[in-house]
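Peer 1: One predicted model, sequence on top.
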Amino acid sequence: MAVPNDRKYTETHEWFMIDGDTVTMGITQYAAEELTDITYVELPDPGTSLGVGDAIGEVESVKATSELFSSVAGEVIEINTALADQPELVNSDAFEEGWMVRIRPESTAPLAALMTGKDYDVFLENGI
Amino acid sequence: MDTNSVLQQPRTKKVAQPTPGTESTPSQPDRTPEHHPLLFELTSPSARCAVLPKSDVPAAPQAELLPEALIADAPPALPELGELDLVRHYTRLAGRCFSVDANFYPLGSCTMKYNPRINERVAAMPGFAHVHPYQDESDVQGLLELLYRLRCDLAEIAGLAEVTLQPAAGAHGEMTGLMIINAFHKHRGEHRPKVLAPDSAHGTNPASCTICGGQSVKIRSKSDGRVDLDDLRANVDDQTAALMITNPNTVGVFDEQIGDIVDIVHKHGAQVYFDGANMNAILGAARPGDFGVDCMHFNTHKTFSTPHGGGGPGAGPVAVAEHLRPYLPVPQVVRRPDGTFSWCDDRPDSIGKVRSFYAQVGVLVRAYTYIRTLGKEGLCDAAHMAVLSANYLAARLKHRFKMPFPPPYAHEFVMVPDFADKAISENDVAKRLIDFGIHPPTMSWPIHHCLMVEPTETESLATLDQFVRSMLTIADEIDTDAAKVKSAPHTTPIGRLDEVTASRKPCVRWSASCEGNG
């Protein structure tokens, strides 16, 4: 299963996409499938400032609760409010409609060290 | 609903409960939805459990006694029942409870072993059961002696210098241990915020660290389940307060590197905290103090057969090495030179009290009874049996279920139902086991898609064989009739729940609008 190559990936299955001067993040389709049916997504309030590696929210499913980590420092400028009523959007479309947080980053440099789509595919194939 | 019509309904077919040892293969799905009416459906206007004598106080009109805003328009809609109907309702519900007294309960990581009845008999003795924490010490010498002996026995089992019995649960013990370690570092003028724990640690380890104001750092495990020493070396530094480690760990593997791990941590002035959750695997065979641990807790419900008790009351005694003794909680129970026992508060560097009064005494009496009933050799035998049982099950199941970690195992093991072309999940196998009268193992933790099985030392060979037969039958069914497994359980009053709706739109209190769900 090839993942989109327009963004970067972490070993903890978050994706980060640079879009102009903002960075959008979410979790991968693989993560959503592993979690099974997602029942609740807890996201930070817009205006929250983040450091690299900060926990910024939680994804809850019938199976487990997982923390979300930010790979960039910056300010949360928007969250996907649709997830409050429809957390299942993460299951159905993790890479688009299931996006979670939009951040205005201090720098996008930390993203350079993350995996490309191709790297992430290899990472999944080799077993986690 | 009219009450009488409920009571006069024909009895629904009784659902057979498979009995270990006699069960072969459960029959085809034939669930009879057994309707157990709710209290609200059983209600019979004016029925009461008690009849009160007529009041001899003159009644005043409500309006004179209360402001109008506080007076309800109608009485609350509470069920009205006679005592016998009420007792039958709850007795019926109690019959649906699953317990280790009735069935096999191989819940990995939880150690659901049998709690011997003698524990209850001793705990009910008036000298232990009918005492008050404010009673004079001279009145409760027997209980104080028991607590003193228990803390000495636990110190010997741990291979450490001294034990506090105060913490009221294993996680409370972790917190107490970290407070002691923090006090130790502080006393030496050091501030060490980091606490390391392997990624296989119980969730309580990082939680305890956070509660104590620390910063939790995850250490990687290797594919064989052991700690990655390189990752440990890369993360331990002079900011590290402690490493929290469980050994055998949560995947059921004893990490033989423990000596090296302790050395690496000590080299940086950090302490080794040992999570005693899996002590039942090494009881009497190895002592954490001997492999260099500084501080540890016991889970009395897992190791010493005290009740799991639905979340409490529990006990999580903490043992420490000599250099941490000054920081133990007070009061401590001590033996005076004249042979009497009393409470002692004389410990100037103590972290203070961590529990009102002195621990969960009733639970501790049971733990002491277990230790004395088994004795030194018996405790050692218990550990051997726990390990033997787990390895026996793994050996008999390994040709049908994938074992991601190499044997030998300690007291539990992890297996993965890997039937690639059948799309069978661990959840399906767990649900099907219910039809065989067996409690599902722990699922999806500590690794993805797994079942974690802990048979414990108290199960007979016949019960273990029954589990093996059930698992092999399920494996056969996956090949021949996967749909049957995917739709299990078939013998319970309610089959698969809609967990997604239950979680997204929880309805946790009865109301007329919920009717039909109940």
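Peer 2: Happy to help now that I have it.
Peer 1: Close to chain B: what parts of chain A are there?
Peer 2: A:E34, A:D37, A:T39, A:Y40, A:E60, A:V62, A:K63, A:A64, A:P87, A:I128 (C-beta under 8 Å from any C-beta of the partner chain). From N, CA and C alone the C-beta is placed, and that goes for glycine too.
Peer 1: swap the cut-off to 10 Å and go again
Peer 2: Within chain A, the positions near chain B by C-beta under 10 Å from any C-beta of the partner chain are A:34, A:36-40, A:60-65, A:85-88, A:91, A:127-128.
Peer 1: Among those, which lie within strands?
Peer 2: Using DSSP state E, the subset of the residues of chain A next to chain B located in strands is A:I38, A:T39, A:Y40, A:E60, A:S61, A:T65.
Peer 1: Can you name the residues that contact the first one?
Peer 2: Taking C-beta atoms under 10 Å, 6 or more residues apart in numbering or on different chains, we find A:I38 in contact with A:27, A:31-32, A:59-63, A:66, A:83, A:86-92, A:94, A:98, B:500, B:503-504.
Peer 1: List buried residues within the residues you listed.
Peer 2: When neighbours are counted using 16 or more other C-beta atoms under 10 Å in any protein chain shown, these contain these buried positions: A:27, A:31-32, A:59-63, A:66, A:83, A:86-91, A:94, A:98, B:500, B:503-504.
Peer 1: so where's chain B uncertain?
Peer 2: Confidence mapping of chain B against pLDDT under 70 gives the ranges B:1-34, B:309-312, B:420, B:512-518.
Peer 1: Now do the SS call for the residue nearest the centre of chain A.
Peer 2: Against the mean C-alpha coordinate of chain A, by C-alpha atoms, centre = their mean, the closest residue is A:G26 at 2.2 Å. When classified by DSSP: H, G, I helix; E, B strand; the rest coil, A:G26 comes out as strand.
Peer 1: That one contacts A:M17, correct?
Peer 2: Yes - the criterion here is C-beta atoms under 10 Å, and A:G26 meets it with A:M17 at 8.4 Å.
Peer 1: okay, and the common contacts of the two?
Peer 2: Listed as contacting both A:G26 and A:M17 by C-beta under 10 Å, 6+ apart are A:R7, A:F95, A:W99.
Peer 1: Name the member of these that has the highest neighbour count.
Peer 2: A:R7 (24 neighbours; other C-beta atoms under 10 Å in any protein chain shown).
Peer 1: Could you pull up the residues touching that one?
Peer 2: Each residue near A:R7 by C-beta under 10 Å, 6+ apart is listed here: A:14-19, A:23-26, A:28, A:95, A:111, A:114-117, A:120.
Peer 1: what about A:M17, which SS state?
Peer 2: Applying three-state DSSP: A:M17 is strand.
Peer 1: From A:A82, how far out is it?
Peer 2: Using C-beta to C-beta, to the nearest Å, A:M17 is found at 18 Å from A:A82.
Peer 1: just the CA coordinates of the biggest helix by length in chain A, formatted as CSV?
Peer 2: The longest helix of chain A (DSSP state H) is helix A:117-125. Output in CSV follows, covering the C-alpha atoms of helix A:117-125 (Å, rounded to 0.1, in the frame of the first residue of the first chain):
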residue,chain,number,x,y,z
GLY,A,117,6.4,8.3,1.7
LYS,A,118,8.6,5.7,0.1
ASP,A,119,10.7,5.3,3.3
TYR,A,120,7.5,4.9,5.3
ASP,A,121,6.3,2.2,3.0
VAL,A,122,9.6,0.3,3.5
PHE,A,123,9.3,0.9,7.3
LEU,A,124,5.9,-0.7,7.3
GLU,A,125,7.0,-3.6,5.1
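Peer 1: just checking, A:E78 touches A:V23?
Peer 2: No - assessed by C-beta under 10 Å, A:E78 is found out of contact with A:V23, at 11.2 Å.
Peer 1: Looking at the two, which is more packed in?
Peer 2: In this view A:E78 and A:V23 are compared by other C-beta under 10 Å, and A:V23 has more residues nearby, 24 against 14.
Peer 1: residue contacts, the more buried one?
Peer 2: By C-beta under 10 Å, 6+ apart, the contact set of A:V23 is A:7-8, A:16-17, A:70-72, A:74, A:77, A:101-105, A:108, A:110-111.
Peer 1: So B:I282 sits against B:V293, correct?
Peer 2: No - between B:I282 and B:V293 there is no contact under C-beta under 10 Å: 11.7 Å.
Peer 1: where do the contact lists of these two overlap?
Peer 2: Contact criterion C-beta under 10 Å, 6+ apart; residues shared by B:I282 and B:V293: B:N247, B:G276.
Peer 1: circling back to that earlier point, show me which of A:M17 and A:A82 is the more surrounded one.
Peer 2: The neighbour comparison of A:M17 against A:A82 (other C-beta under 10 Å) goes to A:M17, with 17 against 13.
Peer 1: how about the nearest residue to the more buried one, chain neighbours excluded?
Peer 2: Excluding the flanking residues, the one nearest A:M17 by C-beta to C-beta, 6 or more residues apart in numbering or on different chains is A:R7, at 3.7 Å.
Peer 1: What about that neighbour? Give its phi and psi, please.
Peer 2: For A:R7, the backbone dihedrals (degrees, to the nearest 10) come out as phi -150, psi 180.
Peer 1: same deal with B:R192?
Peer 2: phi -130, psi 100.
Peer 1: for B:A475, same thing?
Peer 2: Dihedral angles for B:A475 - degrees, to the nearest 10 - are phi -60, psi -40.
Peer 1: now the nearest residue to it once chain neighbours are set aside: how far from chain A?
Peer 2: Nearest residue to B:A475, sequence neighbours excluded (C-beta to C-beta, 6+ apart): B:R400, at 4.2 Å. Distance, B:R400 to chain A, by C-beta to the nearest C-beta, to the nearest Å: 21 Å.
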